[in-house]
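> Got a sequence here, can you build the structure:
(chains A and B)
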Protein chains: 2
Amino acid sequence: MKKLINEADNVVADALAGLTAAHPGLRVFPDRGFVMRADAPVAGKVGLVSGGGSGHEPLHVGFVGAGMLDAACPGEVFTSPVPDQILAATAAVHAGAGVVHIVKNYTGDVLNFEMAADLASDERIRVESVLVDDDVAVQDSLYTAGRRGTGATVVVEKVAGAAAAAGAALDEVVAIGRRANARSRSYGIALTACTTPSAGAPTFSLGPDEVEFGIGIHGEPGRARGALAPAADLVGHALDAVLADLDPGGDPVLVLVNGMGATPLIELYVAMGAAASQLAGRGVNMVRSLVGNYVTSLDMSGFSLTVTVLDDELARLWDAPVATAALTWGEAGRWP
Amino acid sequence: MKKLINEADNVVADALAGLTAAHPGLRVFPDRGFVMRADAPVAGKVGLVSGGGSGHEPLHVGFVGAGMLDAACPGEVFTSPVPDQILAATAAVHAGAGVVHIVKNYTGDVLNFEMAADLASDERIRVESVLVDDDVAVQDSLYTAGRRGTGATVVVEKVAGAAAAAGAALDEVVAIGRRANARSRSYGIALTACTTPSAGAPTFSLGPDEVEFGIGIHGEPGRARGALAPAADLVGHALDAVLADLDPGGDPVLVLVNGMGATPLIELYVAMGAAASQLAGRGVNMVRSLVGNYVTSLDMSGFSLTVTVLDDELARLWDAPVATAALTWGEAGRWP
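Residues are numbered from 1 along each chain as shown, chains lettered A, B, ... in the order given. Below is the predicted model:
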């Protein structure tokens, strides 16, 4: 195992020290287990809290800031955060308007966020949850009942965060988040497995010409193993899976081509080129996009493709300004 | 070789197709070999053009946009752009105020940019060059006379771009860029080699417990080979090399912890944590930072560390708004 780390047991704590140093606008509470925007609680605003196992960076800590999350709770690598840290974050960001939990659909995350919501309710904080379950690859998995939550988490956190920043009430923020999730589907393909620092060996092995179709973000098995193929074929396979489950029906879409952690940006743009051309061929109108490493799986090589069917409100919320470590754009626009 | 590509010979063209699709605010001219912000030439503004071999994404195409480059000329992988494409980009962005070429110090790049500047001068376009040579690892290399240009390129392109956006004249933009370069030093360490699509095999081989110190961004040799060590030790080695050549002398610094392409963000933050703590221990005041993949070497695993000694003007120009594919922040601030 070749990693740029100190000790395997300290990776999350050491990374949080780096986050603290690099982002003076974040408050990192290593002992209490969460990262918060420094100006939280924001008076009158609905609070947004997410979290999950580490190893998916920039998710979630990289999405804390104005226009997105108020706080994130990083668990150990591929391990859910515990209820105490979620409760602490929830209480810290609560400004009287309630708190929304954005939860990826993994059994541990769901249980621990539910327990934290119950505890928060004992403290008279109203909490509602938005569950993200966009991954069409498998119906149930090692870690889930139902679909897994993957790339769409970025979209849900962005649009719900923008709604909250614009002053939406708790129920509205929840409705926006759920709508974004319901209109999103994802599918991932791995070229290599990932290696957790504690295990020190790859989570599975793939032959030199093999890929894993429908991979999850923890190295859990996908749908099937197949032969390495040109990017256009792999993208076509992912698009088939996504669009079989989600019909844009003439509405415009947002496309996220997401790297799994070790795939160079030039390759992700090759995949985006293929996705754009094939979507156009299928009559799907891509009007927004994002290319890069957003929901990763440590040092896994590969990509996932997320399609979100937009409506005017979702597009507007996506375009709204955001200032986080990993996603930042101003009033003037999102990209060139 | 496992890559998310179509054909090895088409990687750059295919990636440019993806760039075109993802960024409607860019104009991509695949036949003429450059990428330009769609609103160029910008009336009255000094034009900024950079470029170099592909394989270092997001450098340079990801830095085209308001507040940074007007155009970038991507060569084939690890291959300098040719004078014709640089000339075409120069002429396209020229708005009467002259054009600045930002050139990484590699023999091919320097020659081809010089030739393009001469040709532009024949067309009565005044061109000045800013050479970036920040890498302290080697004095001369396979590809250079003198130091190589690496991570500081991001800083030079950002501050020169901000100066041009603010209306600075050609000589001022050049002076800003040269000052940023003169006040910057970098050093990189590789955990693995990279594999070019055309070669299909790693550029060198490292044992399971070996790292290459002072690596360049093309897989060219560094200073020495050594044992894999904790991140804090590797960062300390890089800081020693950088600070031996650059004395902040009490001035504040900007620190870039840059991934080489295949190193997960969580590891880069571990490195940033070590860098911040060690800089503080050495009495160096880090006031700005950037963590992520900015000047990469295809699928190489590892990192480079760049330190820029700031003055008030450089800090202000760094903070100025920017809207490119890879670096975007608004008036409200750069990060949380």
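> can you give me how far stretch A:116-134 is from the chain middle?
Mean-position distance between stretch A:116-134 and its chain equals 19 Å (C-alpha atoms, centre = their mean, to the nearest Å).
> end-to-end on it?
Using C-alpha to C-alpha, to the nearest Å, one end of stretch A:116-134 lies 23 Å from the other.
> And the contacts of that stretch?
Residues outside stretch A:116-134 that contact it (C-beta atoms under 8 Å, 6 or more residues apart in numbering or on different chains): A:83-84, A:86-87, A:90-91, A:94, A:98-105, A:110, A:113-114, A:144, A:146-153, A:156, A:160, A:170-171, A:174, A:177-178, A:181, A:184-186, A:306. Where you see a C-beta, it was placed from the backbone N, CA and C, and this is true even at glycine.
> Filter those residues down to the buried ones and hand me the ChimeraX line.
To isolate the buried ones among the contacts of stretch A:116-134 in ChimeraX, judged by 16 or more other C-beta atoms under 10 Å in any protein chain shown, type:
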select /A:83,86,87,90,91,94,98,99,100,101,102,103,104,105,110,113,114,144,147,148,149,150,151,152,153,156,160,170,174,177,178,181,184,185,186,306
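> what subset of the contacts of stretch A:116-134 is also close to chain B?
The subset of the contacts of stretch A:116-134 within reach of chain B, counting by C-beta under 8 Å from any C-beta of the partner chain, is empty.
> Just the contacts of stretch A:116-134: which are in strands?
Members of the contacts of stretch A:116-134 lying in strands (criterion: DSSP state E): A:99-104, A:184-186, A:306.
> Is residue A:176 in contact with residue A:159, as I believe?
Yes: here residue A:176 lies in contact with residue A:159, judged by C-beta atoms under 8 Å, at a distance of 5.5 Å.
> who does the closest residue to chain B within chain A bridge with?
Minimum separation of chain A from chain B (C-beta to the nearest C-beta) falls at residue A:330, amounting to 1.6 Å. With DSSP bridges as the criterion, residue A:330 is bridged to residue A:333.
> for residue A:256, same thing?
residue A:290, residue A:306.
> Surely it and residue A:294 touch.
Yes: in this structure, residue A:256 is within contact of residue A:294 by C-beta under 8 Å, at 6.8 Å.
> Show me whatever sits in contact with both of those two.
Counting by C-beta under 8 Å, 6+ apart, the contacts common to residue A:256 and residue A:294 are A:151, A:154.
> What sits closest to residue A:252 if chain neighbours are left out?
residue A:287 (4.0 Å; C-beta to C-beta, 6 or more residues apart in numbering or on different chains).
> quick one: buried residues of the helix or strand harbouring the one you found?
Assignment of secondary structure by DSSP states H and E places residue A:287 within strand A:286-292. By neighbour count on 16+ other C-beta under 10 Å, the buried set for strand A:286-292 is A:286, A:288-292.
> May I have it exported as PDB, CA atoms only?
Extracted C-alpha coordinates of strand A:286-292, given in PDB (Å, rounded to 0.1, in the frame of the first residue of the first chain):
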ATOM      1  CA  MET A 286     -27.700  18.700 -21.400                       C
ATOM      2  CA  VAL A 287     -27.800  22.200 -20.100                       C
ATOM      3  CA  ARG A 288     -25.600  22.000 -17.000                       C
ATOM      4  CA  SER A 289     -22.600  19.800 -16.200                       C
ATOM      5  CA  LEU A 290     -19.900  19.200 -13.800                       C
ATOM      6  CA  VAL A 291     -16.600  17.200 -14.400                       C
ATOM      7  CA  GLY A 292     -14.200  16.200 -11.700                       C
END
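> Assign residue A:167 to helix, strand or coil.
coil (DSSP: H, G, I helix; E, B strand; the rest coil).
> Test my guess that it contacts residue A:95.
No: in this structure residue A:167 lies outside contact range of residue A:95 using C-beta under 8 Å: 11.9 Å.
> which one of those two has more residues nearby?
The neighbour comparison of residue A:167 against residue A:95 (other C-beta atoms under 10 Å in any protein chain shown) goes to residue A:95, with 15 against 12.
> For that one, give me its contacts.
Residue A:95 makes contact with A:40-45, A:47, according to C-beta under 8 Å, 6+ apart.
> so what's residue A:266 up against?
Here residue A:266 is in contact with B:11-12, B:15, B:54-55, B:57, B:298 (criterion: C-beta under 8 Å, 6+ apart).
> quick check, it in a helix?
Yes: under three-state DSSP, residue A:266 sits within a helix.
> Grab the nearest non-local neighbour of residue A:269.
Nearest to residue A:269 is residue B:18, by C-beta to C-beta, 6+ apart, at 3.5 Å.
> Go ahead and measure how far the helix or strand the one you found falls within is from the middle of the chain.
Secondary structure assigned from DSSP H and E places residue B:18 in helix B:11-22. From the chain centre to the centre of helix B:11-22 is a distance of 19 Å (C-alpha atoms, centre = their mean).
> what do residue A:176 and residue A:159 both touch?
By C-beta under 8 Å, 6+ apart, the residues touching both residue A:176 and residue A:159 are A:314, A:317.
> The two - which one has more neighbours?
Neighbour tally, residue A:176 and residue A:159, criterion other C-beta under 10 Å: the higher count belongs to residue A:159, 28 against 23.
> how much space between that one and residue A:254?
From residue A:159 across to residue A:254, the span is 10 Å (C-beta to C-beta, to the nearest Å).
> before we move on, what about residue A:189?
20 Å.
> and what of residue A:81?
In terms of C-beta to C-beta, residue A:81 sits 28 Å off from residue A:254.
> Surely residue A:193 and residue A:218 touch.
No: contact criterion C-beta under 8 Å: residue A:193 and residue A:218 do not qualify, at 10.5 Å.
> between these two, what contacts are shared?
Contact criterion C-beta under 8 Å, 6+ apart; residues shared by residue A:193 and residue A:218: residue A:203.
> what residues go with each domain of chain A?
Domain ranges of chain A: A:10-183+A:318-329, A:185-310, per automatic domain parsing.
> just to revisit the earlier point, identify the farthest-apart pair in the ones in strands among the contacts of stretch A:116-134.
Spanning the widest gap among the ones in strands among the contacts of stretch A:116-134 are A:99 and A:185, at 27.2 Å by C-beta to C-beta.
> pretty sure the residue nearest to residue A:252 is touching residue A:248, no?
No: counting by C-beta under 8 Å, residue A:287 does not reach residue A:248; the two are 10.8 Å apart.
> pLDDT averaged over stretch A:32-50 - what is it?
The average of the pLDDT scores along stretch A:32-50 is 97.
> Now do that stretch: distance to the chain's middle.
Here the centre of stretch A:32-50 is set off from its chain's centre by 18 Å, with C-alpha atoms, centre = their mean.
> so how far does it reach from one end to the other?
With C-alpha to C-alpha, one end of stretch A:32-50 sits 15 Å from the other.
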